[in-house]
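1. Would you be able to build a 3D model of this:
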Amino acid sequence: MSVKLVTIGIAAHILGVNNDTLRHWDNQGKLVATRDKQNNYRLYRVSDLRAFARRHGLKVKTRRIID
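-> Numbering: from 1, shown residues only. Here you go, the predicted structure:
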């Protein structure tokens, strides 16, 4: 089973927040991103986004992207 990863822009859209909010949460350790080995961009596991949304009462915006 492969892990589904999304970019920071898609993750922000899914959670209904700004990209800067995700960067801030990553820096604080609240929602930690993995890093692309080639370009060091933040990537988020879909399973982490779902779990974070449940814990914090956030509604997932786009189910089509994450299914």
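
2. neighbours of Lys37, just the number please.
-> For Lys37, the neighbour count with other Cβ atoms under 10 Å is 7. Every residue, glycine included, has its C-beta placed from N, CA and C.

3. And it, how far from Tyr44?
-> 16 Å (Cβ to Cβ, to the nearest Å).

4. Please apply the same query to Gly57.
-> According to Cβ to Cβ, Gly57 stands 18 Å off from Tyr44.

5. And the pLDDT at Met1?
-> Note for Met1: predicted pLDDT of 57.

6. pretty sure Asp26 is touching Leu43, no?
-> No: at 10.8 Å, Asp26 does not count as touching Leu43 under the criterion of Cβ atoms under 8 Å.

7. Next, show the common contact partners of these two.
-> Ala33 (Cβ atoms under 8 Å, 6 or more residues apart in numbering).

8. all strands of this structure, in order?
-> Applying DSSP state E to the chain gives strands spanning 5-7, 34-35, 42-45.

9. Which other helices and strands does the longest one contact?
-> What that stands for is strand 42-45. In terms of contacts (3 or more Cβ pairs under 8 Å, 6 or more residues apart in numbering; DSSP states H and E), strand 42-45 is packed against strand 5-7, helix 8-15, helix 19-28, strand 34-35.

10. could you dump these to CSV with mean pLDDT?
-> Output for these, formatted as CSV (pLDDT from 0 to 100):
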stretch, mean pLDDT
strand 5-7, 95
helix 8-15, 94
helix 19-28, 98
strand 34-35, 96
